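*Asks:* Below are the sequence and a predicted model for it; my questions follow.
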Amino acid sequence: MTKFQSFLGTSTVAILSALAVSASADEWRGWAIHPEDYPNTVAMQSFADAVATATEGRVEPTVYANGILGSQPDAIEQLRSGALDWANFNMGPMGEIVPATNVLSLPFVFANVDHMHRAMDGDVGATLSAALSEAGIVALSWFDSGSRSFYNSKHPITSPADMDGMKFRVMNNDLYVQMVDVLGGNATPMAYGEVYQSLQTGVIDGAENNYPSYESSNHYEVAKYYSITNHLIIPECLCVATSTWNELSEADQEIIRQAAIDAAKVQRELWAARELESRAKVEAAGVAVNEVADPVAFQSAMEPIYAAFIASNPDLEPLIAQIKSYQ
């Protein structure tokens, strides 16, 4: 022990040493909108644990669940500015910032979830990652968010005619408004937290979402008809801020990228199990679930949406073709 250490005392030296170790670690703030037991959040925690272990504490990611760090639009801007280090984002609201991601919000652009996985794990994911990186976001892997279908409080939907005049809540994206409108319904953009009461009071007749969200939000209590259309299959990213990413060594970048790929595998497995659990729960509660017998009728109705989208975004037509090539 040096004279200086002796002067400070053993415990003080220990505290200073601990602070030095803490200061050398890169503590990452991570945004998650879902609760801690949700598949996405569990997968994010598995990523955080794997990164902390593999980097020997050089990077220590923390998950802040339940959207406590803000809404997704706020969190996207925080990530781009470096105020957040990493996050799990749905690609639906990303289109205003990265127009190329609007392709993922085209109805029926993916035939099924496996089609989406193949495309996003391949060249389509690489193309969109490059577009996101220009906006300050590094997409490391792609999570599942299932397929979205319509549910309502009136009757089963078997054809577009069954939607005529009904009011459906949609996410705030013009493509989703167009989707409901061409099917004969009336689209109502609305915050997710307002949907239950709006269904209960008749402000809206229905909404659209995946099984886990339909179940966990308790919407099934006030909208007892769930009609499987699979009209939207929107991937989510496990993302890192470009500013945070650029501070890493190449070795740590490789560690973190692999941890993100592994976390996506965890999330997809948990998601598939959760979908089955949620469907069983709502059916046990008396929900009438029906498969749409003629999905082509719904898909064909989307032709004017695609035509208008390509006319406004001719540079994105090759990306649509690239997605279709994975089918």
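*Replies:* Structure's in. What do you need? Numbers count the residues shown, from 1 in each chain.

*Asks:* what packs against the biggest helix by length in the chain?
*Replies:* Counting by DSSP state H, the longest helix found in the chain is helix 250-284. In terms of contacts (3 or more Cβ pairs under 8 Å, 6 or more residues apart in numbering; DSSP states H and E), helix 250-284 is packed against helix 39-54, strand 137-143, helix 211-216, strand 236-241, strand 288-291. Quick note: C-beta positions are derived from backbone N, CA and C, even for glycine.

*Asks:* so the closest residue to V109 other than its chain neighbours is in which element?
*Replies:* Using Cβ to Cβ, 6 or more residues apart in numbering and skipping residues adjacent in sequence, the residue nearest V109 is I323, 5.8 Å away. Using DSSP states H and E, I323 falls within helix 317-325.

*Asks:* Extract the CA atoms of that helix and return them as PDB.
*Replies:* Presented in PDB, the C-alpha positions along helix 317-325 are these (Å, rounded to 0.1, in the frame of the first residue of the first chain):
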ATOM      1  CA  GLU A 317     -40.800  -0.200 -56.500                       C
ATOM      2  CA  PRO A 318     -37.600  -2.300 -56.700                       C
ATOM      3  CA  LEU A 319     -37.800  -2.900 -52.900                       C
ATOM      4  CA  ILE A 320     -41.400  -4.100 -53.200                       C
ATOM      5  CA  ALA A 321     -40.200  -6.500 -56.000                       C
ATOM      6  CA  GLN A 322     -37.300  -7.600 -53.800                       C
ATOM      7  CA  ILE A 323     -39.800  -8.500 -50.900                       C
ATOM      8  CA  LYS A 324     -42.000 -10.400 -53.300                       C
ATOM      9  CA  SER A 325     -39.000 -12.400 -54.500                       C
END
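
*Asks:* residue contacts, the most centrally placed residue in the chain?
*Replies:* Central residue of the chain (Cα atoms, centre = their mean): N90, 2.6 Å from the mean position. Neighbouring residues of N90 by Cβ atoms under 8 Å, 6 or more residues apart in numbering: Q72, S145, I234, E236.

*Asks:* From those residues, which land in strands?
*Replies:* Judged by DSSP state E, the contacts of N90 include E236 as members of strands.

*Asks:* from the contacts of N90, which is closest to R58?
*Replies:* E236 (26.6 Å; Cβ to Cβ).

*Asks:* circling back to that earlier point, looking at the helices and strands packed on helix 250-284, which has the lowest confidence?
*Replies:* Ranked by mean pLDDT, the helices and strands packed on helix 250-284 bottom out at helix 211-216, with a mean of 93.

*Asks:* Please enumerate the helices of the protein.
*Replies:* 3-8, 10-24, 39-54, 72-81, 113-120, 123-133, 174-182, 195-201, 211-216, 242-245, 250-284, 295-300, 303-312, 317-325.

*Asks:* what pLDDT, on average, does the first one get?
*Replies:* In this model, helix 3-8 has a mean pLDDT of 41.

*Asks:* and the longest helix of the chain, average pLDDT?
*Replies:* Helix 250-284 shows a mean pLDDT of 97.

*Asks:* roughly how far is stretch 113-129 from the heart of the chain?
*Replies:* Centre-to-centre, stretch 113-129 and its host chain are 14 Å apart (Cα atoms, centre = their mean, to the nearest Å).

*Asks:* Any idea how far apart the tips of that stretch sit?
*Replies:* Stretch 113-129 has an end-to-end distance of 19 Å (Cα to Cα, to the nearest Å).

*Asks:* list the buried ones in that stretch?
*Replies:* 113, 115-121, 124-125, 127-129 (16 or more other Cβ atoms under 10 Å).

*Asks:* Then stretch 75-88?
*Replies:* Residues A75, I76, Q78, L79, R80, A83, L84, D85, W86, A87, N88 are the ones in stretch 75-88 that count as buried (16+ other Cβ under 10 Å).

*Asks:* tell me the contacts of the last one?
*Replies:* Under the criterion of Cβ under 8 Å, 6+ apart, the neighbours of N88 are 30-33, 40-41, 43-44, 143, 236-239.

*Asks:* Which of the residues you listed sits closest to F108?
*Replies:* Using Cβ to Cβ, E236 comes nearest to F108 of the contacts of N88, at 18.7 Å.

*Asks:* beta partners for that closest one?
*Replies:* As for beta bridges, E236 partners with N90, F143 under DSSP bridges.

*Asks:* In this structure it contacts S141, no?
*Replies:* No: with contact defined as Cβ atoms under 8 Å, E236 does not reach S141; the gap is 9.6 Å.

*Asks:* Now for P212: which residues touch it?
*Replies:* Residues counted as contacts of P212 (Cβ under 8 Å, 6+ apart) are Y38, P39, G146, W271, R274, E275, S278.
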